[in-house]
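> I'll drop the sequence and a predicted model, then ask my questions.
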Amino acid sequence: MSPRKRQRIWDISQKLHADVPVWPGDTAFGQVDTWQIGDGSPVNVSALTMSTHTGAHADAPLHYDAASPDIASVDLDAYLGECLVVDARDCGAAIQPEILPDLGEAQRILFRTYDAFPHDAWREDFTAIAAETVTELASRGVRLVGIDSPSIDPQNSKTMDAHKAVLTADMRILEGLVLDSVPAGRYELIALPLPIAGGDASPVRAILRELADAG
Ligand SMILES: Nc1ccccc1C(=O)C[C@H](N)C(=O)O
Ligand SMILES: [Zn+2]
Ligand SMILES: [Zn+2]
């Protein structure tokens with residue numbers, strides 16, 4: 001029997017550290033030592049302080065609707081399975097429906113909007129997703145929409161139109177992905193949120209894996 005071909009993996013998560021850019025006014029990432037090896041302790045243990053929306057993360061419906069489920073209550077199947085990565089660079093303020101390619105059978109769509117992900121500084125001019133695009137994706141059977149931007153709505157949005165369109169279609173959201181090294185195409189997505197009780201979002205370790213049937 002021929003050896004099983006290793007499927008390539010792309011890590012599409014941001015590294016978490018003290019200087020990771022966060023939403024203006026939100027909680028900065030912090031890490032402190034609780035115990036350290038030596039002085040009577042056999043182990044190192046630290047404690048984290050962070051916004052639930054730090055780095056690559058999954059929004060819970062609770063984030064944009066107070067009566068909706070928390071991140072511990074969402075089904076996991078939306079965050080695991082075949083996805084389509086779409087090159088949406090040069091879309092300006094928001095991704096419009098007209099740029100959508102033929103999605104085939106894809107139920108998960110990830111949009112790349114950066115040439116180079118801004119790891120070192122907050123960029124407020126990020127590309128969002130027009131609510132009409134969310135609605136069009138839902139009409140084509142899409143269950144999860146992801147993006148490398150920190151939000152699917154513009155930073156100054158007060159109406160959260162894209163999130164509300166997601167709520168209407170009961171879709172799921174991934175934000176803060178890093179897609180710089182990922183060519184447009186079909187992949188297996190694995191990006192599972194933590195079961196944080198009452199959580200409005202959860203960090204995820206998001207990866208893409210080459211599909212077994214890829215040529
Ligand atoms: N931390 C925040 C604080 C206030 C308002 C928005 C944010 C966000 O991070 C945006 C979020 N990722 C979103 O789901 O749109
Ligand atoms: Zn978020
Ligand atoms: Zn969001």
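Arrived safely, thanks for sending. Ligands and ions are numbered 1, 2, ... in the order given.
> Tell me who's in contact with the residue lying closest to residue 36 once chain neighbours are set aside.
Closest residue to residue 36 in three dimensions, ignoring its sequence neighbours and counting by CB to CB, 6 or more residues apart in numbering: residue 44, at 5.6 Å. From N, CA and C alone the C-beta is placed, and that goes for glycine too. Taking CB atoms under 8 Å, 6 or more residues apart in numbering as the criterion, residue 44 is in contact with 33, 35-37.
> same thing with residue 110?
The neighbours of residue 110, taking CB under 8 Å, 6+ apart as the test, are 12, 83-86, 145-147, 174, 177, 179, 182, 189.
> How about the protein: which residue is closest to ligand 3?
Sorted by distance to ligand 3 under CB to the ion, the residues of the chain start with residue 59, at 4.2 Å.
> Let's have the contacts of residue 44 in JSON lines, adding pLDDT and neighbour count.
Conversion of the contacts of residue 44 to JSON lines gives the following (pLDDT from 0 to 100; neighbours: other CB atoms under 10 Å):
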{"residue": "33", "pLDDT": "97", "neighbour count": "10"}
{"residue": "35", "pLDDT": "97", "neighbour count": "13"}
{"residue": "36", "pLDDT": "97", "neighbour count": "12"}
{"residue": "37", "pLDDT": "97", "neighbour count": "10"}
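> In strands only, show me these.
The strands in this structure, assigned by DSSP state E, contain 33, 35 from those.
> Let me know the pLDDT of the residue nearest to residue 36.
You'll see residue 44 listed with a pLDDT of 98.
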